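In: got a predicted model here, sequence first, then my questions.
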2 protein chains.
Amino acid sequence: MDPIGFEHHDHKSCIRTGLTAVDTYCVDHALQFTPVRRRVLEILLQQHRAMGAYDILDFLRAEELGSQPPVVYRALDFLVRHGFAHKIERLNAFIACAHVGHDHTPAFLICRSCDAVAETHTDPAHGILGQTAADNGFVIEQTVVEVLGLCPSCHSEGKE
Amino acid sequence: MDPIGFEHHDHKSCIRTGLTAVDTYCVDHALQFTPVRRRVLEILLQQHRAMGAYDILDFLRAEELGSQPPVVYRALDFLVRHGFAHKIERLNAFIACAHVGHDHTPAFLICRSCDAVAETHTDPAHGILGQTAADNGFVIEQTVVEVLGLCPSCHSEGKE
DNA sequence: TGATAGCTGTTACTTTATAACATATCAACC
DNA sequence: GGTTGATATGTTATAAAGTAACAGCTATCA
């Protein structure tokens, strides 16, 4: 499970693979992967970047697939709830999950210069943080890890 | 540096200590710790919880210390920029720093049941995440770590 | 003494997100 | 086959969070 986001790749196959994985998962788990939900995920996969809910809504509007905020927020809620997409809290934005089907705690590397986002993973239960939580009787359920900095290409261009 | 937030403590002294530490830091670093900025920090210390900007603004309004959003957002920006307060992205809220003066990467334990927030710290540069960033040439500048779950007292009360 | 830099006050606005209710779809069950 | 319940969508309206832009104030200092 390498981080996905900064390197070049076969993007068409990455969209296809992502949708197929979710199709399969939804069939297996009796989830309704409806047209709106599918299209929102497809937009996220196609754009391959963190998108605001209203950015996504613009796409839906253009194709008459729902035009009001609750439509896109509900679809995003479904996708996030089932791990098909993630919310980047720091950006108030959403991104397709790069590791559908793998149980993982996502972590994001966010470039502050070009806004590229790469998904990787982490293991909060171990290390100093997990130890602190355990010592204090705190029960970890979900972990948000978002790293800000400079991606390889912005860094090599000497961006400040 | 123990996590601060869930256990009982001498709260008055904690407010006093926090303000004094920032007073000193600002004198040493030629920062202007103005009345509005001081009062916002004091409110955060007194309330000892994550507060939305508009919650803080309500306090300021009541004492005629500025009544419009930019006033509180600017004060918060100052406090966050210098590490006297932190933003909890997940809650769109702010909290006084519990470790002023110590150079640290804050991490927060957030109870989803009672909204209590405890500040602890982490070390993102080490572990799997730091390794991944290094391997990919990503330069880490800032890290957001927010853990959601159940605090000891909500957990022991059997909250779901 | 006027020029600069930084802080505050205010208006107006943008962006992000949700409550509430009506309508539609579909499968399970009698 | 009609009823019911659960789930999804459509829509209006509004709440909550955050910012741009500009005017005015204060202190410092060349």
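Out: Arrived safely, thanks for sending. Numbers count the residues shown, from 1 in each chain, chains lettered A, B, ... in the order given.
In: pLDDT of the longest strand seen in chain A, averaged?
Out: Longest strand in chain A by number of residues (criterion: DSSP state E): strand A:139-150. Throughout strand A:139-150, pLDDT has a mean value of 94.
In: does that strand reach chain B?
Out: Yes: judged by CB under 8 Å from any CB of the partner chain, strand A:139-150 and chain B are in contact via A:139-150. Quick note: C-beta positions are derived from backbone N, CA and C, even for glycine.
In: how far away is the most far-flung residue of chain A relative to its centre from chain B?
Out: Computed with CA atoms, centre = their mean, the maximum C-alpha offset from the centroid of chain A is found at residue A:135, amounting to 31.0 Å. Taking CB to the nearest CB, to the nearest Å as the measure, residue A:135 falls 8 Å from chain B.
In: for my notes, confirm that residue occurs in a helix.
Out: Yes: counting by DSSP: H, G, I helix; E, B strand; the rest coil, residue A:135 is part of a helix.
In: helix or strand: which one has the closest residue to residue A:33 other than its chain neighbours?
Out: Nearest residue to residue A:33, sequence neighbours excluded (CB to CB, 6 or more residues apart in numbering or on different chains): residue A:26, at 4.0 Å. Using DSSP states H and E, residue A:26 sits in helix A:11-28.
In: which outside residues touch that helix?
Out: Residues from elsewhere that reach helix A:11-28 (CB atoms under 8 Å, 6 or more residues apart in numbering or on different chains): A:31-33, A:38, A:41-42, A:45-46, A:48, A:82, A:84, A:96-97, A:100-101.
In: farthest-separated two in those?
Out: The most widely separated members of the contacts of helix A:11-28, counting by CB to CB, are A:32 and A:48 (25.2 Å).
In: so between the two, which is more surrounded?
Out: residue A:48 (19 against 7; other CB atoms under 10 Å in any protein chain shown).
In: near the closest residue in space to that one that isn't next to it in sequence, how many other residues are there?
Out: Closest residue to residue A:48 apart from its sequence neighbours, by CB to CB, 6+ apart: residue A:11 at 6.6 Å. Using other CB under 10 Å, residue A:11 has 11 other residues around it.
In: again with residue A:65
Out: Using other CB under 10 Å, residue A:65 is surrounded by 17 other residues.
In: check which helix or strand the nearest residue to residue A:123 once chain neighbours are set aside maps to.
Out: Nearest non-adjacent residue to residue A:123, counting by CB to CB, 6+ apart: residue B:128, 5.8 Å away. In the assignment (DSSP H and E), residue B:128 maps to helix B:127-136.
In: likewise residue A:154?
Out: Per DSSP H and E: residue A:154 is located in helix A:152-156.
In: contacts for that helix?
Out: A:6, A:111, A:113-114, B:136-139.
In: still on that earlier bit, for ChimeraX, what selects the buried ones among the residues of strand A:139-150 next to chain B?
Out: To isolate the buried members of the residues of strand A:139-150 next to chain B in ChimeraX, using 16 or more other CB atoms under 10 Å in any protein chain shown:
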select /A:139,140,143,144,145,146,147,148,149,150
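In: how about the residues of chain A that lie near DNA strand D?
Out: Within chain A, the positions lying close to DNA strand D (CB under 7 Å from any atom of the strand) are A:31-32, A:34-37, A:65-71, A:74-75, A:78.
In: of the residues you listed - the most surrounded one?
Out: For these, the largest number of neighbours (other CB under 10 Å) sits with residue A:75, at 27 neighbours.
In: sec struct for the closest residue in space to that residue that isn't next to it in sequence, please.
Out: Spatially, and ignoring its direct neighbours in sequence, residue A:75 is nearest to residue A:40 (4.2 Å; CB to CB, 6+ apart). Under three-state DSSP, residue A:40 falls in the helix class.
In: picking up where we left off before, I'd say the residue nearest to residue A:123 and residue A:125 touch.
Out: No: contact criterion CB atoms under 8 Å: residue B:128 and residue A:125 do not qualify, at 11.7 Å.
In: hang on, the earlier thing: can you say which of the contacts of helix A:11-28 are buried?
Out: Here, 16+ other CB under 10 Å leaves A:33, A:38, A:41-42, A:45, A:48, A:82, A:84, A:96-97, A:100 buried among the contacts of helix A:11-28.
In: give me the subset of those lying in strands.
Out: residue A:96.
In: how about the buried ones among the contacts of helix A:11-28 in a markdown table, adding pLDDT and distance to DNA strand C?
Out: Putting these into a markdown table (pLDDT from 0 to 100; distance: CB to the nearest atom of the strand, whole Å) gives the following:
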| residue | pLDDT | distance to DNA strand C |
| --- | --- | --- |
| A:33 | 95 | 13 |
| A:38 | 96 | 14 |
| A:41 | 97 | 17 |
| A:42 | 96 | 19 |
| A:45 | 96 | 19 |
| A:48 | 92 | 18 |
| A:82 | 95 | 16 |
| A:84 | 96 | 17 |
| A:96 | 96 | 16 |
| A:97 | 94 | 17 |
| A:100 | 88 | 22 |
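In: what's the closest of the buried ones among the contacts of helix A:11-28 to residue B:157?
Out: Residue B:157 has its nearest neighbour among those in residue A:82, at 29.1 Å by CB to CB.
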